[in-house]
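When you get a sec, could you give me coordinates for this:
(one chain, ligands or ions: 3)
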Amino acid sequence: MVITMTINELRRDYIIDRWVVIASQRRKRPTDFIVERPRERRSAECPFCPGNEKSTPPASLVYLLSSDGSIRRDEDRGEERHKNWIVRCFPNLYPAFSPIKLESLSNIQGGFEYVRLDALGYHEVLVESPNHDEHPSVARVGQLIHAINALKDRTKFFMEKDFVKYVSIFRNHGASAGASLSHAHMQIIAMPIIPKIVFEEYSASKRYYEDNGRCIFCDIMVKERGTERLIYENNAFMVFAPWASINPFEFWIFPKRHQSTIIDMRDDDVKDFAVTLRLCLGGLRGLLNDPPYNLGFHMMPGEHYHWHVEVYPALSIWAGFEKSTGTYINIVPPEEAARCLRESLESEKRRLVH
Ligand SMILES: [Zn+2]
Ligand SMILES: [Zn+2]
Ligand SMILES: [Zn+2]
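Ligands and ions are numbered 1, 2, ... in the order given. So this is what the prediction gives:
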């Protein structure tokens, strides 16, 4: 018996010093990831469903439909709760960050060894739809547009606070990806520090801008467009499987126009973004039987930074090697992932509802 050994490819991220092993010989096909997923039981007590508004804190923002069809923005006051909302934002019951400054803590305490900051900020839930199961992978485009506009509104509100250094928007889908409630929702955390990954992207793109006079993300898009990693593009957005994907079937969504945060999106961009999310997450759902995933927005004010969304299907378990080294093994080459996602997305286009 002849044992042939092939060498895997080690890839570095475009920008940050993060490495991933593309393990082609351990390659798996999409069907290998499909597992029987029991339908999540919908509890009658879902606190995010219409009618149960009292089980959550007062809304910081609701979209209401006026009789003329336009959207009216409002918030809950006191014990009153708005009904018939289209999207609804409210503080997380167990916030990681809160706007209340603790008197007992000074802003920075200790010497060189122990640095302490008040966890000043906000932690909110955005319920994307009154319909429990209207996740972006199946949502009406019109509903997604409302959810994205609400994200813009809250981001703008948080970024204007001087103690907020970063606004993180993320989504956990499926219990094994950390979603404790199955009602379609995202979370927004406004925090007093810039997280490490974003800071590395931010600093590296600043250096590139100073050296080349161009945005590195815009340059990446130009190059990726000509590769087999391209998954989808429309007027305003482009989606590709990144060169050094660390997760199987990972993909990144970029606005084509140079924009540093989602606040810069115009109305027609918002519509194209909604279509992009619907098609790509729908394609992922179709390909892998509604897999668990996490996604996160990266955005920072600054002329050299370019916002984007990173989608991480939660299909592999990171164990000793990954956790101890910050280096990853990905058993699906991004070129293969892109090919499968492109195909799945094609059939998704027929299911699009505006
Ligand atoms: Zn619900
Ligand atoms: Zn750019
Ligand atoms: Zn990023």
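
C-alpha only now, for contacts and for neighbours.
Fine.

Chain neighbours aside, what residue packs nearest to the residue in the stretch 151-300 of the chain that ligand 1 sits nearest to?
Closest residue of the stretch 151-300 of the chain to ligand 1, CA to the ion: H183 (4.4 Å). In space, and not counting its chain neighbours, H183 is closest to H132: 4.7 Å by CA to CA, 6 or more residues apart in numbering.

Do you know the pLDDT at the one you found?
In this model, H132 is scored at 96, pLDDT.

So it, which state does it fall into?
coil (DSSP: H, G, I helix; E, B strand; the rest coil).

Show the contacting residues for it.
By CA atoms under 8 Å, 6 or more residues apart in numbering, the contact set of H132 is 48-49, 182-184.

unless I'm mixing things up, the residue of the stretch 151-300 of the chain closest to ligand 1 is touching C46, no?
Yes. Counting by CA atoms under 8 Å, H183 touches C46, with 7.4 Å between them.

the more surrounded of those two?
H183 (23 against 16; other CA atoms under 10 Å).

wait, D133 sits on A184?
Yes. D133 is in contact with A184 according to CA under 8 Å; the separation is 6.1 Å.

Can you work out which residues contact both of those two?
What both D133 and A184 touch, as defined by CA under 8 Å, 6+ apart, is an empty set.

Neighbour count for these two, which is higher?
A184 (23 against 16).

which bits of the stretch 151-300 of the chain sit near ligand 2?
When proximity is defined as CA under 5 Å from the ion, the stretch 151-300 of the chain approaches ligand 2 at 215, 217-218, 258.

Counting by contacts, list what the lowest-mean-pLDDT helix or strand in the chain packs against.
None of the helices or strands of the chain scores lower by mean pLDDT, DSSP states H and E than strand 9-12, at a mean of 74. Packed against strand 9-12 by the contact rule (3 or more CA pairs under 8 Å, 6 or more residues apart in numbering; DSSP states H and E) you find strand 19-22.

avg pLDDT for the helix or strand following the strand it packs on?
Where DSSP states H and E defines the elements, the next helix or strand beyond strand 19-22 is helix 30-33. If you average the pLDDT over helix 30-33, you get 82.

buried set for helix 30-33?
P30 (16 or more other CA atoms under 10 Å).

Alpha carbons only: can I get it in CSV?
This file holds the C-alpha atoms of helix 30-33, laid out as CSV (Å, rounded to 0.1, in the frame of the first residue of the first chain):
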residue,chain,number,x,y,z
PRO,A,30,-21.4,19.8,2.1
THR,A,31,-23.5,16.7,2.7
ASP,A,32,-21.0,15.6,5.4
PHE,A,33,-22.1,18.6,7.5
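
can you give me the offset of that helix from its chain's centre?
23 Å (CA atoms, centre = their mean, to the nearest Å).

Find the nearest non-adjacent residue to the residue of the stretch 251-354 of the chain found nearest ligand 2, please.
Of all residues in the stretch 251-354 of the chain, H258 sits closest to ligand 2, at 4.1 Å by CA to the ion. The shortest distance from H258 to any non-neighbouring residue, by CA to CA, 6+ apart, is to H306 (6.1 Å).

burial of the one you found, as a residue count?
By the criterion of other CA under 10 Å, H306 has 26 neighbours.

and I34, what is it in contact with?
I34 sits in contact with 288-289, 291, where contact means CA under 8 Å, 6+ apart.

Now with 6 Å, please.
L288 (CA atoms under 6 Å, 6 or more residues apart in numbering).

give me phi/psi at it?
Dihedral pair for I34: phi -80, psi 120, per degrees, to the nearest 10.

Need the three-state assignment for the residue in the stretch 101-250 of the chain that ligand 2 sits nearest to.
Residue nearest to ligand 2 within the stretch 101-250 of the chain (CA to the ion): C218, separated by 4.0 Å. Following three-state DSSP, C218 is assigned to helix.

okay, it: pLDDT?
So C218 comes in at 98 (pLDDT).

quick one: it from E224, how far?
10 Å (CA to CA, to the nearest Å).

can you check A59 too?
In terms of CA to CA, A59 sits 41 Å off from E224.

Let me know the secondary structure of L295.
strand.

Which residue is the nearest non-sequential neighbour of it?
In space, L295 is closest to V311, 4.3 Å off (CA to CA, 6+ apart).
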